[in-house]
Each structure stands twice: as C-alpha cells, then as structure tokens.
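Enquirer: Please work out how this folds:
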Amino acid sequence: MAKHGNSFYLELPRKIFTDDYKGLSTNAKWLYAVLKELEHRLTGRGKDSSFFQSDKDLSEVSGIKRTALKEAKKELRESGLIETWQGHFEANGKLSRKHITYYRIN
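Expert: Predicted coordinates:
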C-alpha cells in the first residue's frame, strides 16, 4: 500500500515552489519530486519514512547522470529538504559490500 493510500497521484509539498527554494537547480527540484515518489512507494503509513536507494538505481529512475545527481543531492541536503546517510543492507546476517544511501524527506 502506498504511504498516502492512493497510487494515482504524487503528494508534493508546495514549499518547493516558494522563494526559499527558488535557487535550487532544475535537477535538484526534479530529484526532490522523484525522491517523494520513492518515499510514497517504499514507506508505509506510520512507519519510519526513511528508505534506501543506490546512486545507480536513483540515476536510472530520475534520468539524471551520476555526476549531476551528486550535486543535486548536495543542494537538497544543504536546503534542508532531505537528509541522507550511507549504509549497507543486511542479507542473511551479513552486511553487503555495496554502499547504499538512505533518504529521509523533510
């Protein structure tokens, strides 16, 4: 079940369109929209709203090249719209070698 209970629309806060965020690049704004969609799909109601995604997968989903993706993520972190941290996923009691990025949308 999608976080907001409806799979036909994306809830996007209006704050992204305010003067406080007008300096964000187009890539950063698009990435924010993509991250909101992923949050909607990957988290549930009342649960922790953090989720993970590799840069490779996020690049493919968003259509933003990896080098530009890193800059867009930096813009979003610095603006306070997202929080990120690095980690590994656990499978069969072992941590993966591959680093993934965890996201929390503010």
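Enquirer: residues in contact with the helix or strand of the chain with the lowest mean pLDDT?
Expert: Lowest on mean pLDDT, DSSP states H and E among the helices and strands of the chain sits strand 90-91, with a mean of 78. Residues outside strand 90-91 that contact it (Cβ atoms under 8 Å, 6 or more residues apart in numbering): residue 96. Where C-beta positions appear, they are placed from N, C-alpha and C, glycine not excepted.
Enquirer: same thing with stretch 50-65?
Expert: Counting by Cβ under 8 Å, 6+ apart, 27, 30-31, 34, 38-39, 42-43, 66, 69-70, 72, 87, 89, 98-104 sit against stretch 50-65.
Enquirer: if we can go back for a sec, summarise which helices and strands the helix or strand that comes right after the least confident helix or strand of the chain is packed against.
Expert: Proceeding N to C from strand 90-91, the next assigned helix or strand is strand 94-95, under DSSP states H and E. Helices and strands touching strand 94-95, as assessed by 3 or more Cβ pairs under 8 Å, 6 or more residues apart in numbering; DSSP states H and E, are absent.
Enquirer: Strand 94-95 pairs with which strands, and in what direction?
Expert: Based on DSSP bridges, the strands next to strand 94-95 in the sheet, each with its direction, are strand 90-91 (antiparallel).
Enquirer: Now do the partner strand: distance to the chain's middle.
Expert: With Cα atoms, centre = their mean, to the nearest Å as the basis, strand 90-91 stands 21 Å off its chain's centre.
Enquirer: What of stretch 40-52?
Expert: With Cα atoms, centre = their mean as the basis, stretch 40-52 stands 11 Å off its chain's centre.
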